[in-house]
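I'll drop the sequence and a predicted model, then ask my questions.
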Amino acid sequence: MEVSDITILKIYSRDKHKGLELLYERYKKYIYGIAANYAGSREDALDITQEVFISVFKNLDRFKEGFSLLPWLRRITVNKCLNHITNKKAVNAKGMISLNQTNEEGDEMQSLLRSDENTESEVLLKDTKKTLEKAIRLLPDRERMAVILRHMKGMKYEEIASIMDLPIGTVKTFLYRARTTIREKLVNDGVWEV
Amino acid sequence: MSCRFDLDLLQDYVDGVTDPVEAIFIEEHLKACGDCRRETSELKLLFWDLDNKANYESELPREMDAIKNTLLEIIPGIHSTSTAGRIIRQQRKNLAASTRFIGFVPGAKQGGKLLKEGAKSIPSAVGKVTAGLARRLIAR
């Protein structure tokens, strides 16, 4: 059974354990959904989801009643996603080359590697969902997050700018670039007959 | 594409974020420019795919429940701190768990109901006899 934010906060004030359990049940799908589309791997998505809930559980006492939980949870999720990959990059930088790393010309390492995506079977498959997932996964971190918030979550540009702490113009630029990249990928992989 | 029209503006148009005057300006241009009409069609296709929520669906992993339980255990301050409280909560859980199997016994629910109805229909004399027997047994 799903309960409202107000009810969750009321229950939390009487019984913290129960309140947190209800909060987890209400928002687990939302948070995991963003994390999974952002991280691209199940393990990373689970890590991020766990980090988000640890932060939420620890700080719910400071949350003011009467406000909606969603914007707060969304902000935490976005920050955890962006930081998660940053941390991962920092680990990789110690001795390994990250596939997200860029060279002097600004190309990501992963886009320079020979890929087997153009094998005949893949081209024939033309699976839009898979190709779109791949295209989104290859985007730079912040472009990827902007696309997820705009197109998956249907957020306004102003909301995205606020949640990502960016000027609205930058958000627009990220989205223009990301869409162009995604479109090229969809055309190249034969998803569209254009 | 030979037309040098602002492609970002076309994206805004398809995304529905242009103001009405800009939209009129774009629509007038589209009437005259085949390149931009083609570009707009492709963008509409792209937005249709991007806005399709089914493309983002991901199955919730089974580990989600384990994560919840672990977090609820490790986050301090969410359980009552008294030892007595913890023991009572544990006992309550044990009790609930110890009778859980009854729900799975075939006919268990009907059995209880029938027993109650049967007890009601026993003649009062039988009840008295039983009570008398019980008293005698105790006296011995």
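That came in fine, so what should we check first?

only C-alpha atoms for contact and neighbour calcs from this point on.
Noted.

for B:Cys33, phi and psi?
B:Cys33 adopts backbone torsions of phi -120, psi 110, taken as degrees, to the nearest 10.

List the buried residues for the longest helix seen in chain B?
Ranked by residue count under DSSP state H, the longest helix found in chain B is helix B:34-51. Neighbour-count burial for helix B:34-51 flags B:Cys36, B:Arg37, B:Glu39, B:Thr40, B:Leu43, B:Lys44, B:Leu46, B:Phe47, B:Asp49, B:Leu50, B:Asp51 (criterion: 16 or more other CA atoms under 10 Å in any protein chain shown).

Over to stretch B:15-23?
B:Thr18, B:Ala23.

returning to that earlier point: would you reformat the buried residues of helix B:34-51 as a markdown table and include pLDDT?
Listed next are the buried residues of helix B:34-51 as a markdown table, based on pLDDT from 0 to 100:
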| residue | pLDDT |
| --- | --- |
| B:Cys36 | 93 |
| B:Arg37 | 94 |
| B:Glu39 | 92 |
| B:Thr40 | 94 |
| B:Leu43 | 93 |
| B:Lys44 | 94 |
| B:Leu46 | 93 |
| B:Phe47 | 94 |
| B:Asp49 | 91 |
| B:Leu50 | 93 |
| B:Asp51 | 93 |
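
near chain A, which residues of chain B show up?
By CA under 8 Å from any CA of the partner chain, the residues of chain B that approach chain A are B:8, B:11, B:46, B:49-53, B:55-58, B:60-61, B:64, B:67-68, B:71-72, B:75, B:78-79.

for chain A, which residue is closest to the average position?
Of all residues in chain A, the one closest to the mean position by CA atoms, centre = their mean is A:Tyr38, 3.1 Å from it.

Check which helices and strands whichever strand or helix holds that residue sits against.
Taking DSSP states H and E as the criterion, A:Tyr38 maps to helix A:16-39. For helix A:16-39, the elements it packs on are helix A:5-14, helix A:42-59, helix A:69-93, helix A:128-137, helix B:63-74, judged by 3 or more CA pairs under 8 Å, 6 or more residues apart in numbering or on different chains; DSSP states H and E.

and the second one, which residues are buried?
It refers to helix A:42-59. Result for helix A:42-59 [16+ other CA under 10 Å]: buried residues A:42, A:44-54, A:56-57.

would you put the C-alpha positions of that helix in PDB?
Output of helix A:42-59 as PDB, limited to C-alpha atoms (Å, rounded to 0.1, in the frame of the first residue of the first chain):
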ATOM      1  CA  ARG A  42      22.800  -2.900 -12.000                       C
ATOM      2  CA  GLU A  43      25.600  -2.900  -9.300                       C
ATOM      3  CA  ASP A  44      26.300   0.800  -9.600                       C
ATOM      4  CA  ALA A  45      22.600   1.600  -9.600                       C
ATOM      5  CA  LEU A  46      22.200  -0.400  -6.400                       C
ATOM      6  CA  ASP A  47      25.200   1.300  -4.800                       C
ATOM      7  CA  ILE A  48      23.700   4.700  -5.600                       C
ATOM      8  CA  THR A  49      20.300   3.800  -4.400                       C
ATOM      9  CA  GLN A  50      21.800   2.600  -1.100                       C
ATOM     10  CA  GLU A  51      23.800   5.800  -0.700                       C
ATOM     11  CA  VAL A  52      20.700   7.900  -1.400                       C
ATOM     12  CA  PHE A  53      18.700   6.100   1.200                       C
ATOM     13  CA  ILE A  54      21.500   6.300   3.800                       C
ATOM     14  CA  SER A  55      21.600  10.000   3.300                       C
ATOM     15  CA  VAL A  56      17.800  10.300   3.500                       C
ATOM     16  CA  PHE A  57      17.400   8.200   6.600                       C
ATOM     17  CA  LYS A  58      20.100  10.100   8.400                       C
ATOM     18  CA  ASN A  59      18.700  13.500   7.500                       C
END
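
so does it get close to chain B?
Yes: judged by CA under 8 Å from any CA, helix A:42-59 and chain B are in contact via A:Arg42, A:Leu46, A:Gln50, A:Phe53, A:Ile54, A:Phe57, A:Lys58.

Same question for the first one.
No: Helix A:5-14 lies out of reach of chain B by CA under 8 Å from any CA, never closer than 9.4 Å.

Using neighbour counts, pick out the buried residues of that helix.
Buried residues in helix A:5-14, defined by neighbour count with 16+ other CA under 10 Å: A:Asp5, A:Ile8, A:Leu9, A:Ile11, A:Tyr12.
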